[in-house]
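[1] Turn this into a structure:
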Amino acid sequence: MQKALAGINLVLAFVAVLPLAAHLLELPAKLSLDGPMWLAVQQRLYRGWGPIFGPIEIAALATTAWLYFISPAQRRLYLIAGFCFTLMLGCFFVFNDPVNKAVLGWTVSTLPADWPSYRTRWETGHALAALLSVIAFLVLVTARTRASPGSEPASQSTPSGTT
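    Predicted coordinates for the structure are as follows:
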């Protein structure tokens, strides 16, 4: 069961990286958008991402926590990955959610003069979350690799008394 859970966890962690990496990759282009175009992108392009990817991110955290409790040998790695996922979700609530809520009520005619500060906040949140999700994924890959049979160094796998 532990091996299956670790596999599911890796898939969830990988899928959690994808939308955040997409946000990071599109960052340079989005910084060049004018206010009305940026508002249109925020209100239309990202509609529906939260209900799809939010549960995946939470499931990645939950399965990481579960692995923390059932995998004593890799506990430290699961703790690090879980911490990264927690901070990643925290970035959403600190940076992105307030901007998402504000943008919902805007129109081109009501776009505030300080809209670039909202864009900066939103992009910063996703960039930090992308970094944290990649770290979490790499740590989980490391945990899985270390837990795999045959992953120990050759000196440990030889019978005692032979070299």
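[2] center of the chain, which residue is that?
    For the chain, residue 133 is the residue whose C-alpha lies nearest the centre (CA atoms, centre = their mean; 3.2 Å).
[3] quick one: that residue and residue 18, what's the gap?
    9 Å (CB to CB, to the nearest Å). Every C-beta, even on glycine, is put in place using the N, C-alpha and C of the backbone.
[4] Overlap in contacts, those two.
    Here residue 133 and residue 18 have no joint contacts, going by CB atoms under 8 Å, 6 or more residues apart in numbering.
[5] what about residue 116, neighbour count?
    As a burial measure, residue 116 scores 12 neighbours (other CB atoms under 10 Å).
[6] where does this protein have low pLDDT?
    Low-confidence segments of the chain (pLDDT under 70): 148-163.
[7] about what we covered before: so what's the residue nearest to the centre of the chain up against?
    Contacts of residue 133 by CB under 8 Å, 6+ apart are 13, 16, 17, 20, 21, 57, 84, 85, 88.
[8] Over to the first one: give its phi and psi.
    As for residue 13, its main-chain torsions (degrees, to the nearest 10) stand at phi -60, psi -40.
[9] I'd say it and residue 138 touch.
    No - the pair residue 13 / residue 138 is not scored as a contact, 9.3 Å apart, by CB atoms under 8 Å.
[10] Compare the two (neighbour count), which wins?
    residue 13 (27 against 15).
[11] show me the contacts for the more buried one.
    60, 64, 81, 85, 133, 136, 137, 140.
[12] from the residues you listed, which two are the most distant?
    For the contacts of residue 13, the farthest-apart pair by CB to CB is 64 and 133; their separation is 11.7 Å.
[13] which residues are in contact with both of these two?
    With CB under 8 Å, 6+ apart, residue 64 and residue 133 have common neighbours 13, 85.
[14] Name the residues of the helix or strand residue 4 falls within that are buried.
    Residue 4 belongs to helix 2-31 when assigned by DSSP states H and E. Going by neighbour count (16 or more other CB atoms under 10 Å), the buried part of helix 2-31 is 6, 9-10, 12-13, 15-17, 19-20, 23-24, 30.
[15] The residue nearest to the centre of the chain and residue 46, how far apart?
    17 Å.
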